[in-house]
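Participant: Here is a sequence together with a model predicted from it:
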Amino acid sequence: MSVAKKASHPSSTSMHTTFPTRTVVVLGGSYGGSRAAQVLAKGMPQGWRVVLVDRNSHMNHVYNFPRYAVLAGHEHKAFIPYNNFPTSSLSDIPSCSSHVRVQATIISIDDHRITLSPNLPGSQQSYVDLEFDYAIYALGSHLPQPIDLWSHQKEGIMKSSLEPPEIPTYGGTKSEGISSLQERQKRVEAARFVLVVGGGALGIQFASDIAALYPQKHVTLLHSRRRLLPKFDDAMHEEALQGLQELNVRVILGERLDFESLQRTSATQGSSEPRVVRTLSGQEIFADLLLLCTGQTPNTGLLRDMDPRAVSPDTGLARVLRTMQLCVPPPSEPHKLQADDVLHYLKKLTLDAEEGSESSSPSSPTSTHADIPSTSPLSSTDTLVEPHLYQKTLYPNIFVVGDAADAFDAIKAGHTSYYQAEVAARNILRLIPRDEKVGITAGDDLGSELEEYVPGPPAIKVTLGMTKSVYEVDGVVGTKTDGVEDLNVAIMWAARGMPNVTEEEMFE
């Protein structure tokens, strides 16, 4: 039975409330989490509820953040209401017996409990402990700084000069998000020389949007590898490079930024001279504005705190079974290495060595665990399901999806998280009837009765300015010139349950 209670707090009276409702918590309300909540809510039996937890008041359509951080007038469209789930205050969660969403920060998680707090410091609300029967962990990654609206909370990291210092605190509301994007727009407009570091989709979109909107600016894209979009077909690199060059973006490949040059060189205040930074080889680049579009890291700290074995120390990703359950095998189930596992491990090491690696970025090819060789297929286009290394786990009730999961070489993308979330949600719905009859315990062998996730072929679409884009779908690479300024955001609003949304309604 699930029990929700208001935790003891030095400044408040402890409250304990018990009720018969059993609980599935979904942690994170972005592309994967919101889909999981939808599937669960439609299939949940009587006596069960879904609690969707996210620190933002609205779903953040982060794929549009780069465009809206450059082009004014559409920033409000990136924050989409959670209309499918009624909202509850943090203090009211114990009394809610139906599906509900709460805006809160997750402080900790263990095998059957999460601790939540209000977003803003100084709030009068107490922490709340919420016990759960099942959980889907969909907290994704910490975003690169140019689009990370919460980056003010991080310390000891190199900051992008696009990050607005004018916003001292951020509570995840739509109005705050709009203000943050508008501040970024002002900085882009004021800069004469822009340096974008990182040749993935984010860096390409920033560089091409700025060059298209402000052709008089000098835009440079610096990428440490010899190829743009290295996880995709060579033709994607060629089309992206051509599109950038058509916009007069200076593209420097195979070079890394010397971060020490950021400390040594700075423009004198009031001077008309731009700041000069350098690559490790000594090449100089003018940069009034620096956009660091690298360094995306999995948001798995809560899982690591719960059980260090749950997260790979090499990648920071959560280990999962193909059922998307968190994979921490019981001590009595040692890993038995098969010949095929060894062959895959050696091939994977060779592939990684040939491609190179980006430090601290899960967007680069996933490195194989040194202690637990990956069983993922050599290509995400493979369709065969390989045998599980583990059929049992200490956490059969916790599922991990999206950017936080080491999901068998699946690319890190919203659509990937969406499909993984569907698998996790359907598996929970399969487990609930059994759980109600006999209970589910750590170490249960569940592989024979649950759905398994198999990555699909890589798919991506990257804008190259306001109208042009390049895409790869099912191995086919092509370009389009039908783009619009707001990136057809109404489609995402419709997917969130608001078809035929008007311009005025997008301000909600």
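Facilitator: Here it is on my side, so go on. Numbering: from 1, shown residues only.
Participant: Any regions of the chain where pLDDT drops low?
Facilitator: Filtered on pLDDT under 70, the chain yields the residue ranges 1-20, 120-125, 152-168, 264-272, 333-391, 438-448.
Participant: rerun at 80
Facilitator: Residue ranges of the chain with pLDDT under 80: 1-20, 94, 119-125, 151-169, 264-274, 295, 332-391, 435-448.
Participant: Output the longest helix belonging to it.
Facilitator: Ranked by number of residues, the top helix in the chain under DSSP state H is helix 414-438.
Participant: mind listing what's buried in it?
Facilitator: Residues of helix 414-438 classed as buried under the neighbour-count rule (16 or more other C-beta atoms under 10 Å) are 414, 416-432, 435. Using the backbone N, CA and C atoms, a C-beta is placed for each residue, glycine as well.
Participant: What of stretch 198-206?
Facilitator: 198-206.
Participant: List just the nearest of those residues to Glu508.
Facilitator: Gln205 (26.4 Å; C-beta to C-beta).
Participant: In what element of secondary structure is that closest one found?
Facilitator: helix 201-213 (DSSP states H and E).
Participant: strand partners of the helix or strand immediately after that helix in the chain, parallel vs antiparallel please.
Facilitator: Later in the chain than helix 201-213, the nearest helix or strand by DSSP H and E is strand 218-223. Strand pairing for strand 218-223, determined by DSSP bridges: strand 193-197 (parallel), strand 250-253 (parallel).
Participant: residues near the closest residue in space to Gly172 that isn't next to it in sequence, how many?
Facilitator: Nearest residue to Gly172 in three dimensions, chain neighbours excluded: Asn56, at 4.0 Å (C-beta to C-beta, 6 or more residues apart in numbering). Counted with other C-beta atoms under 10 Å, the neighbours of Asn56 add up to 22.
Participant: cool, the one 4 residues further on as well?
Facilitator: Counted by other C-beta under 10 Å, the residues lying close to Asn60 total 23.
Participant: before we move on, what about Ser332?
Facilitator: When neighbours are counted by other C-beta under 10 Å, Ser332 registers 7.
Participant: Distance check, it against Val320.
Facilitator: Per C-beta to C-beta, to the nearest Å, Ser332 is found 20 Å from Val320.
Participant: Quick check: end-to-end length of stretch 296-303?
Facilitator: Taking C-alpha to C-alpha, to the nearest Å, stretch 296-303 runs 18 Å from one end to the other.
Participant: for it, which positions count as buried?
Facilitator: Buried residues in stretch 296-303 (16+ other C-beta under 10 Å): 296-300, 302-303.
Participant: Ok, stretch 174-194 next?
Facilitator: For stretch 174-194, burial by neighbour count (16+ other C-beta under 10 Å) applies to 174, 176-185, 187-188, 191, 193-194.
Participant: Which residues does it contact?
Facilitator: Around stretch 174-194, the neighbours that count as contacts under C-beta atoms under 8 Å, 6 or more residues apart in numbering are 56-58, 60, 65, 68-72, 75-76, 78-79, 146, 149, 161-162, 164, 166-167, 170, 207, 210, 214, 217-220, 274-275, 286-289, 291.
Participant: All the helices of the stretch 151-300 of the chain, residue numbers only.
Facilitator: Per DSSP state H, counting those that start in this stretch, the stretch 151-300 of the chain carries helices over the ranges 174-190, 201-213, 234-246, 260-264.
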